[in-house]
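**Student:** can't give you the sequence, but here's the structure:
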């Protein structure tokens, strides 16, 4: 069924996320260091392995490279498929035993690839993929914000219960106030003297948040889209501020001047990142409007989402 397919793909993503996170834990990090050996030739096809460059962060890039490549192949396989009854549709919704085996083998094989490839991958390819991934999450969040506001307004109009409007107003200003507080905290903790890059990131985010909040209430915007408002903007503002805070709090800083929480917030950031990812995936695969963003108009029979056919 489509639900089972979604759960299976989510489970595969969870396995990838957990495996990647384990590569940063002190236990696995030390074990890999003992197995590989510092300054020794290893399966990583490199003359030396200094400073843990064969594991840790690069190990995460290897795992994510295997997972993304595998999903890219699955995506290419689905080009032109409109029915789950087709052979390729059955491959999409089934064959999970072979898929898991292929995922495992491909993950292991990436550890035989030279470090230089993944250094290039991390600097010039993965960074653009991560930006694209965050933009997609942002689009899904925008769609969710409109649905969320519409739900409260409809409930208020149908029941005349003012609690719906009170909750909408309180939550809207609560998110804006939360973003302001988080921004002030970032300036105090991460914006010290000599931390110019942190100040730039925080200031640019603050400027853009103010800009989209003002734009959301302009008469021209209200005329073009009457459903647009400060409620949707507040959700984007708090999310964007969280992303900036998460990035800065995970910035490497050996002297702990610009980032006093260096390496102490990685677990929290990882858990929150995975949580946001699963929420966005769950929403995008069950919300027709979100699917329409990427798959076309909902009334187009040709672009009916493959996973929704069995429902």
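**Tutor:** Cool, got the structure. Model, not experiment: these values are computed from the prediction.
**Student:** which helices and strands does the strand or helix carrying residue 71 pack with?
**Tutor:** Under DSSP states H and E, the secondary-structure element containing residue 71 is helix 57-77. Counting contacts by 3 or more C-beta pairs under 8 Å, 6 or more residues apart in numbering; DSSP states H and E, helix 57-77 packs against helix 2-22, helix 87-93, helix 96-109, helix 115-124, helix 126-159. Backbone N, C-alpha and C define where each C-beta goes, glycine included.
**Student:** I'd like those laid out as CSV, including distance to residue 200.
**Tutor:** Rendered in CSV, the data for the helices and strands packed on helix 57-77 read as follows (distance: least, C-beta to C-beta, whole Å):
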stretch, distance to residue 200
helix 2-22, 29
helix 87-93, 44
helix 96-109, 37
helix 115-124, 20
helix 126-159, 17
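**Student:** Can I get these in a markdown table including mean neighbour count and mean pLDDT?
**Tutor:** Conversion of those to a markdown table gives the following (neighbours: other C-beta atoms under 10 Å; pLDDT from 0 to 100):
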| stretch | mean neighbour count | mean pLDDT |
| --- | --- | --- |
| helix 2-22 | 16 | 78 |
| helix 87-93 | 15 | 78 |
| helix 96-109 | 14 | 88 |
| helix 115-124 | 14 | 83 |
| helix 126-159 | 14 | 85 |
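**Student:** Minimum distance to residue 220: which of these has it?
**Tutor:** Set against residue 220 and scored by C-beta to C-beta, these come closest in helix 126-159, at 18.2 Å.
**Student:** and the helix or strand just after the closest one, what other elements does it pack with?
**Tutor:** Going down the chain from helix 126-159, the next helix or strand is helix 162-190, by DSSP H and E. Taking 3+ C-beta pairs under 8 Å, 6+ apart as the contact definition, the neighbouring helices and strands of helix 162-190 are helix 126-159, helix 196-216, helix 230-249.
**Student:** Quick one: neighbours of residue 162, just the number.
**Tutor:** Using other C-beta atoms under 10 Å, residue 162 is surrounded by 9 other residues.
**Student:** was I right about it contacting residue 156?
**Tutor:** Yes. Between residue 162 and residue 156 a contact is recorded at 7.2 Å, counting by C-beta atoms under 8 Å.
**Student:** Quick one, which of the helices and strands packed on helix 162-190 gets closest to residue 58.
**Tutor:** Each of these has some distance to residue 58 by C-beta to C-beta; the shortest is helix 126-159, at 11.1 Å.
**Student:** Give me the angle between the closest one and helix 162-190.
**Tutor:** Taking axes from the mean of the first three to the mean of the last three C-alpha atoms, to 10 degrees, helix 126-159 and helix 162-190 form an angle of 150 degrees between their directions.
**Student:** packing partners for helix 126-159?
**Tutor:** helix 57-77, helix 162-190, helix 230-249, helix 266-286, helix 288-295.
**Student:** So for residue 103, which of those sits nearest?
**Tutor:** Between residue 103 and those, the shortest separation by C-beta to C-beta is 5.9 Å, and it involves helix 57-77.
**Student:** Would you mind listing the outside residues contacting that closest one?
**Tutor:** Contact with helix 57-77 is made by 12-13, 16, 19-20, 23-24, 32, 88, 91-92, 102-103, 106-107, 109-111, 113, 115, 118-119, 121-122, 126, 129, as judged by C-beta atoms under 8 Å, 6 or more residues apart in numbering.
**Student:** Give the rounded mean pLDDT of the helix holding residue 71.
**Tutor:** Along helix 57-77, the predicted confidence averages to a pLDDT of 85.
**Student:** Likewise for stretch 218-227?
**Tutor:** pLDDT averaged over stretch 218-227 equals 83, rounded to a whole number.
**Student:** Buried residues of that stretch, list them for me.
**Tutor:** Within stretch 218-227, no residue counts as buried by 16 or more other C-beta atoms under 10 Å.
**Student:** Does residue 156 touch residue 167 like I think?
**Tutor:** No. Counting by C-beta under 8 Å, residue 156 stays clear of residue 167, with 9.6 Å between them.
**Student:** Can you tell me, leaving aside adjacent residues, what's nearest to residue 190?
**Tutor:** residue 198 (4.5 Å; C-beta to C-beta, 6 or more residues apart in numbering).
**Student:** Low-confidence bits of the stretch 151-300 of the chain, can you list those?
**Tutor:** When residues are selected by pLDDT under 70, those of the stretch 151-300 of the chain lie in 252-256, 261-274, 276-300.
**Student:** let's see it at 50
**Tutor:** Scanning the stretch 151-300 of the chain for pLDDT under 50 picks out 288-300.
**Student:** what's in contact with stretch 170-183?
**Tutor:** Counting by C-beta under 8 Å, 6+ apart, residues outside stretch 170-183 touching it are 202, 205-206, 209, 213, 230-231, 234-235, 237-238, 241-242, 245.
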